[in-house]
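Enquirer: quick one: sequence plus predicted model below, questions after.
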Amino acid sequence: MADFTEHDEGKPVVMGDEKVGMISRVEHGTAHVNPDAGITDKIKASLDWGEDDQDTYPLSEDRVDTITDDEVRLRHDA
């Protein structure tokens with residue numbers, strides 16, 4: 001289970017070899033991700049981010065593989 005804190009703000013969010021966004025803020029343990037402009041609709045759909053063009057999207061804890069000092073890495077099967 002992911003345990004997001006304010007220290008995670010500003011970290012890139014990575015799936016496989018692709019950066020999908022950056023954590024813009026953490027509220028009540030939930031990370032909110034500002035997606036990179038170039039990510040595909042397929043990746044957005046796999047993360048349940050829908051088709052809306054929002055500024056940020058909540059990151060579901062079950063999608064997270066690891067949180068390091070440098071990045072948040074998502075599961076490949078997310």
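Expert: On my side now, so go ahead.
Enquirer: now the spatially closest residue to Gly50 that is not a sequence neighbour: which helix or strand?
Expert: Leaving aside its sequence neighbours, Gly50 sits nearest to Lys44 (Cβ to Cβ, 6 or more residues apart in numbering; 6.9 Å). All C-beta atoms are positioned from the backbone trio N, CA, C, and that covers glycine. Here Lys44 is covered by helix 41-46, with elements defined by DSSP states H and E.
Enquirer: tell me which residues in that helix are buried?
Expert: The neighbour-count check on helix 41-46 (16 or more other Cβ atoms under 10 Å) flags 43-44, 46 as buried.
Enquirer: for Gly38, helix, strand, or coil?
Expert: Recorded secondary structure, Gly38: coil (DSSP: H, G, I helix; E, B strand; the rest coil).
Enquirer: now do the contacts for it.
Expert: For Gly38, the contact set (Cβ atoms under 8 Å, 6 or more residues apart in numbering) is empty.
Enquirer: pLDDT at it, what is it?
Expert: Listed pLDDT for Gly38 reads 81.
Enquirer: distance of it relative to Glu18?
Expert: Look at Gly38 and Glu18: by Cβ to Cβ, to the nearest Å, they are 9 Å apart.
Enquirer: which elements pack onto the helix or strand bottoming out on mean pLDDT in the chain?
Expert: Lowest by mean pLDDT, DSSP states H and E among the helices and strands of the chain is helix 41-46, with a mean of 80. Judged by 3 or more Cβ pairs under 8 Å, 6 or more residues apart in numbering; DSSP states H and E, helix 41-46 is in contact with no other helix or strand.
Enquirer: residue ranges of the strands in the protein, please?
Expert: 12-15, 18-27, 30-35, 57-58, 64-67, 72-74 (DSSP state E).
Enquirer: low-scoring stretches of this protein, by residue?
Expert: Along the chain, the parts satisfying pLDDT under 70 run over 1, 51-53, 77-78.
Enquirer: can you rerun that using 50?
Expert: 78 (pLDDT under 50).
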